[in-house]
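Chemist: Give me a model of this one.
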Amino acid sequence: MKFILDAHLPPSLCAILQAAGHDALHTSELPGGNQTPDFELNNLALAQNRVLISKDTDFYYSHLLQARPAKLVLVRTGNLRLRDLKRLFAARLPDIVQALATHSLVELGRQDVHGIV
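Modeler: A predicted model of the protein is given here:
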């Protein structure tokens with residue numbers, strides 16, 4: 001699976017996704033870096049068939065209203081220490097991938113993963 005992580009998430013999460021065999025990039029790797037506008041992230045995700053992972057609820061609303069991005073993982077954990085966020089991603093990644101097989105919108109919480117749409 002191919003992912004793109006939004007600027008609100010640490011670039012080090014890409015390593016967890018890549019270690020599990022996924023293609024992952026962070027906005028910091030893009031020409032516009034972490035200042036890349038949301039519409040460009042949506043276009044890139046669509047063009048490259050990437051799942052966008054973000055904490056930004058703007059993507060939640062654009063997904064519901066415009067189906068952009070086509071697939072979204074919305075991180076709803078609140079503030080976590082980096083090591084706790086990495087542990088959570090590593091532990092829940094199989095659940096995220098499974099939920100994305102049948103849902104276009106997936107929420108990652110501290111305790112669980114939910115397919116929404």
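Chemist: separation between Lys2 and Pro69?
Modeler: Lys2 sits 12 Å away from Pro69, going by Cβ to Cβ, to the nearest Å. Where you see a C-beta, it was placed from the backbone N, CA and C, and this is true even at glycine.
Chemist: Of the two, which one has the most company?
Modeler: For Lys2 versus Pro69, the count of surrounding residues by other Cβ atoms under 10 Å is larger for Pro69: 25 against 14.
Chemist: In this protein, which helix is the longest?
Modeler: Looking across the chain with DSSP state H, the single longest helix is helix 82-100.
Chemist: hmm, back to that, quickly list what's touching both of Lys2 and Pro69.
Modeler: Shared contacts of Lys2 and Pro69 (Cβ atoms under 8 Å, 6 or more residues apart in numbering): 50-51.
Chemist: where's the residue most central in space within the chain, which helix or strand?
Modeler: Central residue check for the chain by Cα atoms, centre = their mean: the C-alpha nearest the mean position is that of Ile53, 1.0 Å away. Taking DSSP states H and E as the definition, Ile53 sits inside strand 51-54.
Chemist: Who is Asp23 paired with across the strands?
Modeler: Using DSSP bridges, the bridge partners assigned to Asp23 are Lys2.
Chemist: any idea how far it is from Leu108?
Modeler: Relative to Leu108, Asp23 is positioned 19 Å away (Cβ to Cβ).
Chemist: Check Leu82 too.
Modeler: Applying Cβ to Cβ, the value for Leu82 to Leu108 is 16 Å.
Chemist: out of those two, which sits in the busier spot?
Modeler: The residue with the greater number of neighbours, taking Leu82 and Leu108 and applying other Cβ under 10 Å, is Leu108; the counts read 23 against 10.
Chemist: so the more buried one makes contact with Leu93?
Modeler: No. Proximity of Leu108 to Leu93 does not meet the contact threshold set by Cβ atoms under 8 Å, at 9.6 Å.
Chemist: now do the same end-to-end measure for stretch 12-28.
Modeler: For stretch 12-28, the separation between the terminal residues is 11 Å (Cα to Cα, to the nearest Å).
Chemist: Appreciated, that's everything.
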